[in-house]
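> Sequence first, predicted model second:
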Amino acid sequence: MTVPAVEILWPSSLPSDPAEGGQDLLREAGVDTKCMLIPTRRGAAEVVLVLVMTAVLDPFLRTLFQKVAEDAHKGLKAFTDRLFAPAGQGTPAPAGVVFEAPAGGRVTFTPGLPAGAYEQAVGLDVRDQRWTWDSRAAMWVPG
């Protein structure tokens with residue numbers, strides 16, 4: 001497998017402190033990470049896009065986040081929590097964090113997901129599907 005590399009595309013309308021914190025967390029784990037501000041599009045939800053530079057998201061998530069924490073799912077949660085953390089009182093946070101693989105697979109994390117969502121996400125075979133968390137079924141579903 002290639003060395004993990006990540007690009008974090010952060011909405012310019014949000015304070016950049018959480019993005020810088022996420023970038024630092026990955027860099028400390030030895031992951032080549034770039035954080036770029038993107039212009040906000042009118043009417044678009046403020047979502048953070050995390051581009052992964054490997055062909056398959058499943059082994060990437062497992063490998064990457066095992067570097068951040070002992071258990072991959074805990075590292076994934078720590079990373080997304082850092083991105084969701086508002087920079088200050090009354091400061092907006094992103095509506096979601098979307099991991100996207102070059103093959104087109106996408107997994108969308110939203111604030112407040114249970115620990116089980118992160119455990120399942122690390123094992124997802126995302127391929128070219130777009131995955132969201134179904135809280136009633138307590139599982140990731142393609143959509």
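Yes, it's here.

> Now the residue nearest to residue 50 when sequence neighbours are not counted: which helix or strand?
Spatially, and ignoring its direct neighbours in sequence, residue 50 is nearest to residue 99 (4.9 Å; Cβ to Cβ, 6 or more residues apart in numbering). Every residue, glycine included, has its C-beta placed from N, CA and C. Per DSSP states H and E: residue 99 is located in strand 96-100.

> can you give me the helices for the chain?
17-28, 57-68, 72-84, 115-122 (DSSP state H).

> Lowest average pLDDT across those?
Between the helices of the chain, the lowest average pLDDT goes to helix 57-68, which shows a mean of 66.

> Which secondary structure elements does the strand holding residue 99 sit against?
strand 47-52, helix 72-84, strand 106-109 (3 or more Cβ pairs under 8 Å, 6 or more residues apart in numbering; DSSP states H and E).

> what packs against the second one?
If contacts are counted by 3+ Cβ pairs under 8 Å, 6+ apart, helix 72-84 sits against helix 17-28, helix 57-68, strand 96-100, helix 115-122.

> Would you mind giving these as CSV with distance to residue 7 and mean neighbour count added?
Shown next, in CSV, are those (distance: least, Cβ to Cβ, whole Å; neighbours: other Cβ atoms under 10 Å):
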stretch, distance to residue 7, mean neighbour count
helix 17-28, 10, 18
helix 57-68, 13, 20
strand 96-100, 10, 21
helix 115-122, 19, 18
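
> mind giving me TSV with the ones you listed and columns for distance to residue 5?
Below are the helices and strands packed on helix 72-84 laid out as TSV (distance: least, Cβ to Cβ, whole Å):
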stretch	distance to residue 5
helix 17-28	10
helix 57-68	9
strand 96-100	13
helix 115-122	18
